[in-house]
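Q: coordinates only, no sequence provided:
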């Protein structure tokens, strides 16, 4: 089975963190989200990936290369300009000659594929849209279905009281290759506003099925932080690296912990981290690999990416620090997003 991972967006809502990396490469629990997704799909039998990339595409290519390190095959479909969801699919047509999966790679969801594929095979149409249910669908693409699951209408971001259901596009699709006939080439094409309405009009069989489990769009700083807090609370049961040294505190390899350090769970500490004396870490703190945390630092509700240096007596609250950030001693950071590093992340 082959999967197309859509990773070409600009990630504007998550800037400045995404100025020099694609949004799917932002770390979740100290590992790029795209890596979590590839490993999850590999473990369910997907062994070939096409990654559609545009913004900072070299970051993805340098990190994953041809995929051998993960025992998969990875090919890259580079977009000459932003092509939209359907345009990116059309741009990868040469590699998608059989039934294939598509994932919006900035959506945090780890679906179970077998029931979704079984549903697709049984209905016999060209397309399956994987759905999730939300309390307020007004910010999403909403579907109306018949009793067999066939999609009758696709409504983009309706007012809450006018939404035909609370089932929204979850950002995952299963397609037959004939779907390419309905997507124009070499221009930007919206799958929600152009392709799906056309497929429904042509009655080629567009069906929807709800995928259960954790789902979140990580496209804003608040949502990005929430994914981490859900991972730490285990509401989102993503694998966490490290050993649990006390309830809710996970620590990686070769971590140096100074005297008098207080961990307030939940906390995740990466590998090769140094934490100075009398620091207070947590609640809801994620420290990346090879970070240095100074003496008497207070760090709560905060995510610190790899190789950052937080100097003595700094106070971090409800903030995100990008790769290799260096803070001055004694500074207070509250509701801050800092990105100082201008080079690509390396595997």
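A: Received, thanks. Just so you know, these numbers come straight off a predicted model, no measurement behind them.
Q: list the contacts for the nearest residue to residue 221 once chain neighbours are set aside?
A: Among residues not flanking residue 221 along the chain, residue 337 sits closest, at 5.8 Å (CB to CB, 6 or more residues apart in numbering). For glycine as for every other residue, the C-beta is placed from the backbone atoms N, C-alpha and C. Listed by CB atoms under 8 Å, 6 or more residues apart in numbering, the contact set of residue 337 reads 16-17, 221, 319-320.
Q: please apply the same query to residue 260.
A: Counting by CB under 8 Å, 6+ apart, residue 260 has contacts 277-278.
Q: can I take it that it is in a helix?
A: No: under the criterion used here (DSSP: H, G, I helix; E, B strand; the rest coil), residue 260 is coil, not part of a helix.
Q: state the pLDDT value of it.
A: In this model, residue 260 is scored at 96, pLDDT.
Q: state the distance from it to residue 279.
A: For residue 260, the distance to residue 279 equals 8 Å [CB to CB, to the nearest Å].
Q: could you do residue 302 as well?
A: Separation of residue 302 from residue 279 (CB to CB) stands at 12 Å.
Q: how about low-confidence regions in the stretch 101-250 of the chain?
A: Scanning the stretch 101-250 of the chain for pLDDT under 70 picks out no residues.
Q: let's see it at 90
A: 106, 134-143, 153-166, 169, 186, 188-194, 212-213, 216-221, 239, 241 (pLDDT under 90).
Q: ok, which stretches of it are helices?
A: Secondary structure of the stretch 101-250 of the chain by DSSP state H, counting those that start in this stretch: the helices cover 113-123, 196-201, 221-233.
Q: got the ones you listed as JSON lines, with mean neighbour count and distance to residue 34 columns?
A: Below are the helices of the stretch 101-250 of the chain laid out as JSON lines (neighbours: other CB atoms under 10 Å; distance: least, CB to CB, whole Å):
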{"stretch": "helix 113-123", "mean neighbour count": "15", "distance to residue 34": "17"}
{"stretch": "helix 196-201", "mean neighbour count": "18", "distance to residue 34": "25"}
{"stretch": "helix 221-233", "mean neighbour count": "19", "distance to residue 34": "14"}
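Q: and these as CSV, adding distance to residue 23?
A: CSV is the format used below for the helices of the stretch 101-250 of the chain (distance: least, CB to CB, whole Å):
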stretch, distance to residue 23
helix 113-123, 23
helix 196-201, 23
helix 221-233, 9
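Q: and of these, who's closest to residue 160?
A: Closest to residue 160 of the helices of the stretch 101-250 of the chain is helix 221-233 (CB to CB; 19.0 Å).
Q: give me the residues contacting the closest one.
A: With CB under 8 Å, 6+ apart, helix 221-233 has contacts from 14, 17, 26, 28-29, 108, 214, 216-218, 236, 238, 240, 248, 265-268, 284, 286, 301, 303, 318, 320, 337.
Q: who's in contact with residue 144?
A: 151-153, 155, 164-165.
Q: same question, residue 292
A: Applying CB under 8 Å, 6+ apart, the residues contacting residue 292 are 273-274, 276, 308-310.
Q: picking that back up, for PyMOL, write the select line for the buried members of the contacts of residue 337.
A: The PyMOL command for the buried members of the contacts of residue 337 (criterion: 16 or more other CB atoms under 10 Å) is given here:
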select buried, resi 17+221+319+320
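Q: report the two of the contacts of residue 337 separated the most.
A: Largest pairwise distance in these, by CB to CB, is 12.6 Å, between 16 and 319.
Q: strands of the stretch 1-150 of the chain, start to end?
A: 2-7, 48-53, 73-78, 100-104, 107-109, 127-133, 141-145 (DSSP state E, counting those that start in this stretch).
Q: how about the most centrally placed residue in the chain, what does it touch?
A: With distances taken as CA atoms, centre = their mean, the residue of the chain nearest its centroid is residue 106 (3.6 Å). By CB under 8 Å, 6+ apart, residue 106 lies in contact with 7, 9, 11, 23-24, 33, 171, 217-219.
Q: residue 306 now?
A: 27, 30, 270, 288-291, 323-324, 345.
Q: which of those residues sits closest to residue 74?
A: When the contacts of residue 306 are compared for distance to residue 74 (CB to CB), residue 345 wins out at 16.4 Å.
Q: just the buried ones from the contacts of residue 292?
A: 273, 276, 308-310.
Q: could I get the residues you listed as a markdown table with secondary structure and pLDDT?
A: Shown next, in a markdown table, are those (DSSP: H, G, I helix; E, B strand; the rest coil; pLDDT from 0 to 100):
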| residue | secondary structure | pLDDT |
| --- | --- | --- |
| 273 | coil | 97 |
| 276 | coil | 97 |
| 308 | coil | 94 |
| 309 | strand | 95 |
| 310 | strand | 95 |
